[in-house]
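Participant: Okay, sequence plus prediction incoming.
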Amino acid sequence: MALCRYSSFLCNPPLTQVLANPLPFLPKSPHKSLKFTKLPLTSPNRHRLLATAMEAPPPGYRSNVGICLINSSKKIFSASRLDIPDAWQMPQGGVDKGEDPRAAAVRELREETGVTSAEILMEAPHWLTYDFPPHVREKLKHQWGSDWKGQAQKWFLFKFTGKDEEINLLGDGTEKPEFGEWSWMSPEQVVDRAVDFKKPVYKEVIDVFSPHLQ
């Protein structure tokens, strides 16, 4: 009981004590420099839990662009990686320092597929992130000379306006080829053939671009 009375005294000091020196008992205001930031937007859908939308690339993630290239039948371009033949993906690549993401997307599409006959239909409103699995992170650390947690991607929807003969997996000759095979796929096939750690982002991208895929 003595402990309870002591606690009560600390929480409820005598009125005479408060009137004599009120400053210690006034509520404290937050510091003027305190700022609140928005939490990352996430979807309640289970498959999107790892696809975090952000206004700008977060620290620790490599800035990257992704290209969803569709043809007149609204099928999506996907290609198999030379280093991992079972891994199919849409074109993507890093953003150079000071480079505009839209310009980077046009450049990456040309470098990886040789395609120049295309127009941008839509840009995803947010950057989407995915984390590298430990073994992938270690491999890329040696390849790039930088230790990135994963990639932050800005995605663009392109409409292919040329003929299939224009597609060349040797690219424009400025970079080492990355793909061995390619195909036009349905959105479901694109997600199904992607590596597991990219699937949430791919589902999010297809959802964002869905008005043009139906």
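Facilitator: That came in fine, so what should we check first?

Participant: Show me the strands in the protein, by range?
Facilitator: Counting by DSSP state E, the chain has these strands, from start to end: 52-54, 61-70, 76-81, 88-89, 92-94, 118-123, 127-131, 150-160, 179-185.

Participant: Out of the ones you listed, flag the one nearest Pro200.
Facilitator: Of all the strands of the chain, the one in closest proximity to Pro200, counting by CB to CB, is strand 127-131 (6.8 Å). In short, each C-beta sits where N, CA and C put it, glycine included.

Participant: May I have that closest one exported as PDB, CA atoms only?
Facilitator: Listed next in PDB are the C-alpha coordinates belonging to strand 127-131 (Å, rounded to 0.1, in the frame of the first residue of the first chain):
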ATOM      1  CA  TRP A 127       9.300   3.500 -57.300                       C
ATOM      2  CA  LEU A 128       8.900  -0.100 -56.500                       C
ATOM      3  CA  THR A 129      11.600  -2.000 -54.500                       C
ATOM      4  CA  TYR A 130      12.700  -5.600 -54.200                       C
ATOM      5  CA  ASP A 131      15.400  -7.100 -52.100                       C
END
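
Participant: For it, what is the distance to the chain centroid?
Facilitator: Mean-position distance between strand 127-131 and its chain equals 2 Å (CA atoms, centre = their mean, to the nearest Å).

Participant: list the buried ones in that strand?
Facilitator: For strand 127-131, burial by neighbour count (16 or more other CB atoms under 10 Å) applies to Trp127, Leu128, Thr129, Tyr130, Asp131.

Participant: burial of Pro133, as a residue count?
Facilitator: Applying other CB atoms under 10 Å, we find 13 other residues in the vicinity of Pro133.

Participant: list the contacts for the nearest residue to it once chain neighbours are set aside?
Facilitator: Taking CB to CB, 6 or more residues apart in numbering, and ignoring the residues beside it in sequence, Pro133 has Phe197 as its nearest neighbour in space, at 5.7 Å. Applying CB atoms under 8 Å, 6 or more residues apart in numbering, we find Phe197 in contact with Leu50, Tyr130, Asp131, Phe132, Pro133, Val136.

Participant: closest to Asp100 among the residues you listed?
Facilitator: Of all those, the one with the least separation from Asp100 (CB to CB) is Tyr130, at 22.2 Å.

Participant: Isn't that closest one up against Lys198?
Facilitator: Yes: under the criterion of CB atoms under 8 Å, Tyr130 is in contact with Lys198, at a separation of 6.0 Å.

Participant: Redo the strands of the chain as TSV? Include mean pLDDT.
Facilitator: Below are the strands of the chain laid out as TSV (pLDDT from 0 to 100):
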stretch	mean pLDDT
strand 52-54	64
strand 61-70	97
strand 76-81	97
strand 88-89	98
strand 92-94	96
strand 118-123	98
strand 127-131	96
strand 150-160	97
strand 179-185	97
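
Participant: Any idea which of those gets closest to His142?
Facilitator: His142 sits nearest to strand 61-70 of all those, at 14.7 Å, using CB to CB.

Participant: Could you check the angle the closest one makes with strand 179-185?
Facilitator: Calculated by axes from the mean of the first three to the mean of the last three CA atoms, to 10 degrees, strand 61-70 forms an angle of 50 degrees with strand 179-185.

Participant: rewinding a little: quick one: which of the buried residues of strand 127-131 is nearest Val65?
Facilitator: Trp127 (9.9 Å).

Participant: how about the helices in this protein?
Facilitator: Under the criterion DSSP state H, helices of the chain are mapped to 2-11, 15-20, 101-113, 134-144, 187-193, 199-208.
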